[in-house]
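In: Sequence isn't available, so here's the structure alone:
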């Protein structure tokens, strides 16, 4: 039975996490382990959970090691973080279920995983990229919760529901009560959120285009760069002729210097639209990953990417500030959207639309496009994102995908709203992570000091030493 539960949970995590998750599988993945954990020794439950999570990570190891070129110790650390979160959650749920503390098991134990994700977002140089919440990005009723709690509330729900389901057989009344509270609370919030609409404003037609390019920018004073610039100029002109008033190109399309910058501006500037193009800019012996906003009057606003990819972008100098265009448009670049705090700062300054040149690595195009969608829902923003090797996406403040295309030789023309709405999360930040600290203290205290309830989890005898966590 333990072997079967391990394999089943491992396969469910394999399909329900990673670069192309099946959202429904994520909900079921912990369930077999929770069910079997109350029937086996703690050490057995620990080993089974660790093995199951490791199986589930099999789909992303090649991405970590090959695509991102992370060192083996870093990859081992990421896997270990998941192992600790998974085993801690299962073992703590096991103890509380055996003690008959069903409400605490359901409502407090998920906080352990939440705090693992939150700690990773604060301590590791990758922001809030490691979260189960992104698996639900295409499930709009669920992802609305991020406007209240950030990604932490969705992760909480993904663990609380299977714990409640696991407790139904032995303790149906408290388990069902908790399950109904979770589902009705989430459903009520989602219904209200999905019923919202932006303040009336004239929609804006945005264009996105991504042609084939190298990863680090073509110098426009060399033939390949001039050819790519000419092809982009033609596509931009075509989108503007069809009504686009903002056109977004990918990250690192060109490499420019102060000498060649006028060539880029002259080729792409439009009299009726603003053009956002990613470039590597060389200046004073330093290189920066920038987004250039070319305005109709000929002026150029420059945003420098603040959050660079460790290892892959160490040769670049990070930026240190936000850039607003016309008061309501904010500019970010690719990995910047892994950091919710940056997006909240934009929202606090009145931004309602984010313009995002991006790169991606082909296989992770879906994931990064959905992470951008989640940032938009968290803060009530429209997100316009053009990735060179991923997806072109335009999403509204409620998480609706208004347009999507796969990069390579692709373009989009989308009428997007220009107003959003404030959210609880954009105003209060990571309050749910702080609440999770209190919940975890309650859960650990109950596991350590509260006695076993007679007949809990199907057991009517006193606890054996093997039942102790």
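Out: On my side now, so go ahead. Values in this document were obtained by computation on a predicted structure and should not be read as measured data.
In: contacts and neighbour counts: CA atoms only from here.
Out: Will do.
In: Now do whichever strand or helix holds residue 14: everything it contacts.
Out: Assigned by DSSP states H and E, residue 14 falls within helix 2-16. For helix 2-16, the external contacting residues (CA atoms under 8 Å, 6 or more residues apart in numbering) are 21-26, 28-33, 36, 48-49, 51-59, 135.
In: list the buried ones in that helix?
Out: 2, 5-16 (16 or more other CA atoms under 10 Å).
In: Can you mark which positions in whichever strand or helix holds residue 446 are buried?
Out: Following DSSP H and E, one finds residue 446 within helix 431-449. By neighbour count on 16+ other CA under 10 Å, the buried set for helix 431-449 is 432-433, 436-437, 439-440, 442-444, 446-447.
In: Packing partners of that helix?
Out: Applying 3 or more CA pairs under 8 Å, 6 or more residues apart in numbering; DSSP states H and E, one finds that helix 431-449 contacts helix 72-98, helix 102-107, helix 110-123, helix 151-167.
In: how far off helix 151-167 does that helix point, in degrees?
Out: Counting by axes from the mean of the first three to the mean of the last three CA atoms, to 10 degrees, helix 431-449 lies at 40 degrees to helix 151-167.
In: what's the offset of helix 431-449 from the middle of its chain?
Out: 25 Å (CA atoms, centre = their mean, to the nearest Å).
In: next one: stretch 177-195
Out: Put simply, stretch 177-195 sits 22 Å off its chain's centre (CA atoms, centre = their mean).
In: again, but for stretch 82-98
Out: The mean C-alpha position of stretch 82-98 is separated from the chain mean by 24 Å, CA atoms, centre = their mean.
In: ok, now stretch 109-121?
Out: So, by CA atoms, centre = their mean, the centroid of stretch 109-121 is 15 Å from its chain's centroid.
In: For the remainder of this discussion, apply numbering that starts at 18.
Out: Yep, numbering from 18; the last one is stretch 126-138 now.
In: Output the below-cut-off pLDDT ranges for this structure.
Out: 467-486 (pLDDT under 70).
In: which residue is nearest the middle of it?
Out: Central residue of the chain (CA atoms, centre = their mean): residue 388, 3.4 Å from the mean position.
In: Distance check, the nearest residue to that one once chain neighbours are set aside against residue 248.
Out: Using CA to CA, 6 or more residues apart in numbering and skipping the chain neighbours, the partner closest in space to residue 388 is residue 151 (6.3 Å). Relative to residue 248, residue 151 is positioned 35 Å away (CA to CA, to the nearest Å).
In: between those two, who's got more neighbours?
Out: Remark: of residue 151 and residue 248, residue 151 carries more neighbours, 26 against 12, as counted by other CA atoms under 10 Å.
In: List the contacts of the more buried one.
Out: Per CA under 8 Å, 6+ apart, neighbours of residue 151: 168, 384, 387-388, 391.
In: so which of the residues you listed is the most crowded?
Out: residue 391 (32 neighbours).
In: I'd say residue 436 and residue 367 touch.
Out: No. Applying CA atoms under 8 Å as the test, residue 436 and residue 367 come out as separate, 9.8 Å apart.
In: Please say which of the two ends up with more neighbours.
Out: More crowded of residue 436 and residue 367, by other CA under 10 Å: residue 436, with 23 against 18.
In: and the more buried one, what element?
Out: Using DSSP H and E, no helix or strand contains residue 436.
In: Report the separation between it and residue 96.
Out: For residue 436 relative to residue 96 (CA to CA), the value is 40 Å.
In: do residue 285 as well
Out: 44 Å.
In: Neighbour count: the two, which is higher?
Out: residue 285 (22 against 19).
In: So the more buried one is in contact with residue 253, correct?
Out: Yes. Counting by CA under 8 Å, residue 285 touches residue 253, with 7.2 Å between them.
In: need the helices and strands packed on helix 448-466 in a markdown table with distance to residue 422, can you?
Out: Supplementary listing: those in a markdown table, determined by distance: least, CA to CA, whole Å:
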| stretch | distance to residue 422 |
| --- | --- |
| helix 89-115 | 31 |
| helix 119-124 | 40 |
| helix 127-140 | 29 |
| helix 168-184 | 25 |
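In: So for residue 306, which of these sits nearest?
Out: Distance to residue 306, taken as CA to CA, is lowest for helix 127-140 among these, at 22.6 Å.
In: could you give the angle of the closest one to helix 89-115?
Out: Angle of helix 127-140 versus helix 89-115, following the same axes, to 10 degrees, is 160 degrees.
In: Just after helix 127-140, pick out the following helix or strand.
Out: Assignment by DSSP H and E places the next element after helix 127-140 at helix 157-160.
In: Which residue ranges of the stretch 368-486 of the chain form strands?
Out: 370-375, 399-404, 408-412, 418-423, 426-433 (DSSP state E, counting those that start in this stretch).
In: quick one on the thing from earlier: could you pick out the buried ones from the contacts of helix 19-33?
Out: 38-40, 42-43, 45-50, 53, 65-66, 68-76, 152.
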